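**Q** Mind looking at a prediction? Sequence and model below.
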Amino acid sequence: MADKEFDVVEMRTELHKMPELGMHETKTSDYLAKKLEEMGLKPQRGIGGTGMVAYIEGTEPGPTVMLRADMDALPFTIDGKPTAIHACGHDCHMAMALATAAKLRGKVKKGKVKIFFQPAEETLEGAEACIKDGVLDDVDIAYGAHVRPVQDIPDGTVCAAVKHTASTFCRIELKGQTAHGARPHLGKSVVEAAVLITNAINSIWVNPLKGWSAKVTSIDCRSNASNIIPDKGTMLVDIRAEDNPTMDELLEKLKKAIAGAADAVGVQANVIFPGGVLPAPIYDEGLVENARETIKKVLGDDKLAKDCGGGGEDFHFFVQKKPSLKTCYIGVGAGVTPGLHDPTMTLNPESLRNGVDVLEQLILNQVG
């Protein structure tokens, strides 16, 4: 089939209509496998659950270059009903990977290209599950891409490096002692503990020259009556840092702050990190510089955007698990508005063509 039959805009439209949550991307997997087979490729399914890979082989020895696209949608409640929506652009990423694969057929000379569709990025499960299934075993270089909101870079531009942050969240489970409001000395109030913990977190000091934040995002310490001191509660804390050493320092101070504040009122605080810690990126500077030059060559000097940041990404588990791996992760300006993770998110799908053209050339720089 000709490349025009794997049009990135059309495929994104089709994928947008089948949003599925992490580890449940069954219809999505079927669609991707069908498209890869139509290209003459042989998808290998069941990677990390619902993920898959397909190879484009060269004729000479060379590196294995992986292009990774995430698959899952986000959960929302609309009009009281749970639903899934592609509100982070993963439909775009899959479409760009498919279109790039179609354009690379017959052009790979050295090594091979590995097209990788990864499940469950949003739940922080996907990358590690796929790593356990050996997805990195033969990979030397890995590329990724993400559509960017208008607050980051202009529509129609591309940046060479998305500067994600190290990020995680913790759940704090509080256990105290209930009592009558008239006899508070007989109780141990989780409400007082939550207030002290919030103040303690807000008082943490880390090098102000580094970018970091720790924010309490939820407190639930409800009792069944206004005169009952509650004995159970939970809190959620969002935690981010611009690099991995800063995250390590922040987490140590956070744990001490929580424990000290809770202990001051005799409450037990159990700190749980359900999703682990997403590492900050460690990109290969040579690949990033090559990406800058490639963007200018393919799209024009005025289309190279400044490196942009924000959010976390489990793509960065790859280098953490395989330090020899070289990575580069570009940002595709697609006019995303009002922002990522908004259920009303819209974008300019025509700008995805820029992402495909840049990704094709980036990979050909290694295997062409």
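**A** Structure's in. What do you need? Residues are numbered from 1 along each chain as shown.

**Q** Okay, D301 and V271: tell me how far apart.
**A** 49 Å (CB to CB, to the nearest Å). For the C-beta atoms, the positions are set from N, CA and C on the backbone; glycine is no exception.

**Q** Look at the two and report which has more neighbours.
**A** With neighbours defined as other CB atoms under 10 Å, D301 and V271 compare such that V271 has more, 16 against 8.

**Q** Could you list the buried residues of stretch 252-267?
**A** 253-254, 257-258, 261-262, 265, 267 (16 or more other CB atoms under 10 Å).

**Q** Now flag whichever of the residues you listed is closest to L340.
**A** Each of those was scored against L340 by CB to CB, and L254 proved nearest at 25.5 Å.

**Q** I'd like to check which residues are in contact with that closest one.
**A** Contacts here follow CB atoms under 8 Å, 6 or more residues apart in numbering; on that basis L254 touches 170, 201, 204, 214, 237, 239.

**Q** can you count the residues close to the third one?
**A** I take that to be I204. I204: 15 surrounding residues under other CB under 10 Å.

**Q** Once you drop chain neighbours, what's closest to H90?
**A** D70 (4.8 Å; CB to CB, 6 or more residues apart in numbering).

**Q** mind listing what the one you found touches?
**A** 90, 93-94, 117-119, 121-122, 126.

**Q** Make JSON lines from those residues and add distance to A182, neighbour count and secondary structure to it.
**A** Compiled in JSON lines, the contacts of D70 are given as follows (distance: CB to CB, whole Å; neighbours: other CB atoms under 10 Å; DSSP: H, G, I helix; E, B strand; the rest coil):
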{"residue": "H90", "distance to A182": "54", "neighbour count": "28", "secondary structure": "helix"}
{"residue": "H93", "distance to A182": "59", "neighbour count": "28", "secondary structure": "helix"}
{"residue": "M94", "distance to A182": "60", "neighbour count": "27", "secondary structure": "helix"}
{"residue": "F117", "distance to A182": "61", "neighbour count": "31", "secondary structure": "strand"}
{"residue": "Q118", "distance to A182": "57", "neighbour count": "32", "secondary structure": "strand"}
{"residue": "P119", "distance to A182": "54", "neighbour count": "29", "secondary structure": "coil"}
{"residue": "E121", "distance to A182": "51", "neighbour count": "23", "secondary structure": "coil"}
{"residue": "E122", "distance to A182": "47", "neighbour count": "21", "secondary structure": "coil"}
{"residue": "G126", "distance to A182": "52", "neighbour count": "29", "secondary structure": "helix"}
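
**Q** Name the nearest of those residues relative to E5.
**A** Among the contacts of D70, and counting by CB to CB, the member closest to E5 is M94, at 16.4 Å.

**Q** list the contacts for the nearest residue to that closest one once chain neighbours are set aside?
**A** Among residues not flanking M94 along the chain, A69 sits closest, at 4.8 Å (CB to CB, 6+ apart). The neighbours of A69, taking CB under 8 Å, 6+ apart as the test, are 90, 93-94, 96-97, 115-118, 144-145.

**Q** Run a quick neighbour tally on V162.
**A** 25.

**Q** and the closest residue to it other than its chain neighbours, what does it touch?
**A** Residue nearest to V162 in three dimensions, not counting chain neighbours: G331, with 4.5 Å by CB to CB, 6+ apart. Residues in contact with G331 (CB under 8 Å, 6+ apart) are 145-148, 152-153, 158-159, 161-162, 305, 307-308.

**Q** now do I204
**A** 214, 250, 253-254, 257.

**Q** just the helices in this structure please.
**A** 8-16, 26-38, 90-104, 126-132, 190-202, 244-263, 285-299, 317-321, 352-367 (DSSP state H).

**Q** most tightly surrounded among the ones you listed?
**A** Mean neighbours per residue, mean count of other CB atoms under 10 Å, is largest over the helices of the chain for helix 90-104, with a mean of 27.

**Q** Which secondary structure elements does it sit against?
**A** Here helix 90-104 touches helix 8-16, helix 26-38, strand 51-57, strand 60-70, strand 110-118, strand 141-149, strand 326-336, helix 352-367, going by 3 or more CB pairs under 8 Å, 6 or more residues apart in numbering; DSSP states H and E.

**Q** Dump those into JSON lines; add distance to V319 as well.
**A** Output for the helices and strands packed on helix 90-104, formatted as JSON lines (distance: least, CB to CB, whole Å):
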{"stretch": "helix 8-16", "distance to V319": "27"}
{"stretch": "helix 26-38", "distance to V319": "25"}
{"stretch": "strand 51-57", "distance to V319": "19"}
{"stretch": "strand 60-70", "distance to V319": "12"}
{"stretch": "strand 110-118", "distance to V319": "15"}
{"stretch": "strand 141-149", "distance to V319": "8"}
{"stretch": "strand 326-336", "distance to V319": "6"}
{"stretch": "helix 352-367", "distance to V319": "17"}
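
**Q** Name the stretch from those that approaches Y283 most closely.
**A** Closest among the helices and strands packed on helix 90-104, using CB to CB: strand 326-336, at 5.7 Å.

**Q** Pairing partners for the closest one, with directions?
**A** strand 141-149 (parallel), strand 158-159 (antiparallel) (DSSP bridges).

**Q** That strand relative to helix 352-367, how many degrees between them?
**A** 170 degrees (axes from the mean of the first three to the mean of the last three CA atoms, to 10 degrees).

**Q** Now strand 326-336 - C-alpha only, PDB.
**A** Output of strand 326-336 as PDB, limited to C-alpha atoms (Å, rounded to 0.1, in the frame of the first residue of the first chain):
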ATOM      1  CA  LYS A 326      20.700   6.500  24.000                       C
ATOM      2  CA  THR A 327      17.400   8.400  24.000                       C
ATOM      3  CA  CYS A 328      15.800  11.500  22.500                       C
ATOM      4  CA  TYR A 329      12.200  12.700  23.000                       C
ATOM      5  CA  ILE A 330      10.800  15.400  20.800                       C
ATOM      6  CA  GLY A 331       7.800  17.700  21.300                       C
ATOM      7  CA  VAL A 332       5.400  18.300  18.500                       C
ATOM      8  CA  GLY A 333       3.600  21.600  18.600                       C
ATOM      9  CA  ALA A 334       0.100  20.800  17.600                       C
ATOM     10  CA  GLY A 335      -1.900  23.700  19.100                       C
ATOM     11  CA  VAL A 336      -3.200  21.600  22.000                       C
END
